[in-house]
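Novice: I'd like to go over a predicted model; first the sequence, then the structure.
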Amino acid sequence: MSKLIEKPYLIFLTAIPIILLIGILSGDSILYFNVHGTYLVILYFHLTILISIFFGIIGFGYWIMQKAIRKLSKWLFWTHIGLTFGGTLIILILAQLYREEILEYDFNDNLTLIILLILLLIGIGQILFPINIIYGLTKKKN
C-alpha cells in the first residue's frame, strides 16, 4: 500500500494493459445507451483505447509530479482513484443488469439514468486530478 502512495502512477499504468486486453477479448461487442430516443453506440475496443489513452495521460502526470519531487494531497489522490476505478466497476456491474424484454423499458430507462449519473460523478472526479497537480505545484518541495 505504501508503494502506491509513493508511486501513484503505477495504478494507472498497470491498468492500461488490462483494459486493452479486455477490449481485444470483447471482439465486436458494442456498448449502446438509449437516451430519450437517441442511441449512443460505441465499440468496446474503441472505448478501451480511449480509456487507455486517458489513463496514460493521468499516469504520466503523476509520474512527472514524482520526478519533480512534488508532494500531492493524499485525500485528493484517493478520492480520484476511488471515483475512477470504483465508478467504472459499478458501471460494469450495472450494465450487466439490462433486460431485453419489451415490458422492461422503464427498468432500463432508470438503469440508464443511474449509469449516466455515475458517469457524471466519475467526470466530476476527474477534475480532482488537475486540482491535485496544481496543489502539488504550489506546495513547497519535499
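Specialist: Nice, I can see it. Numbers count the residues shown, from 1 in each chain.
Novice: Nearest the middle, which residue of the chain would you pick?
Specialist: What sits nearest the mean C-alpha location of the chain, by C-alpha atoms, centre = their mean, is Thr84, with 3.9 Å.
Novice: My read is that that one contacts Ile122, right?
Specialist: Yes: contact criterion C-beta atoms under 8 Å: Thr84 and Ile122 qualify, at 6.4 Å. Yep, even glycine has a C-beta here, placed from its N, CA and C like the rest.
Novice: Give the residues shared as contacts by the two.
Specialist: When C-beta atoms under 8 Å, 6 or more residues apart in numbering defines a contact, no residue borders Thr84 and Ile122 alike.
Novice: residues making contact with the top helix by length along the chain?
Specialist: Looking across the chain with DSSP state H, the single longest helix is helix 44-67. With contacts defined as C-beta under 8 Å, 6+ apart, helix 44-67 is touched by 6-13, 15-16, 19-20, 22-24, 26, 29-31, 72, 129, 133, 136.
Novice: Helix or strand next in line after it, which one?
Specialist: helix 74-81 (DSSP states H and E).
Novice: Name the residues of that next one that are buried.
Specialist: Of all the residues in helix 74-81, those buried under the rule 16 or more other C-beta atoms under 10 Å are 76-77, 80-81.
Novice: Dump the residues you listed to a markdown table, plus pLDDT.
Specialist: Listed next are the buried residues of helix 74-81 as a markdown table, based on pLDDT from 0 to 100:
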| residue | pLDDT |
| --- | --- |
| Leu76 | 89 |
| Phe77 | 86 |
| His80 | 90 |
| Ile81 | 89 |
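Novice: quick one: which of the residues you listed is nearest Leu97?
Specialist: Closest approach between the buried residues of helix 74-81 and Leu97, by C-beta to C-beta: Ile81, at 25.0 Å.
Novice: mind listing what the closest one touches?
Specialist: When contacts are counted by C-beta under 8 Å, 6+ apart, Ile81 touches 8, 11.
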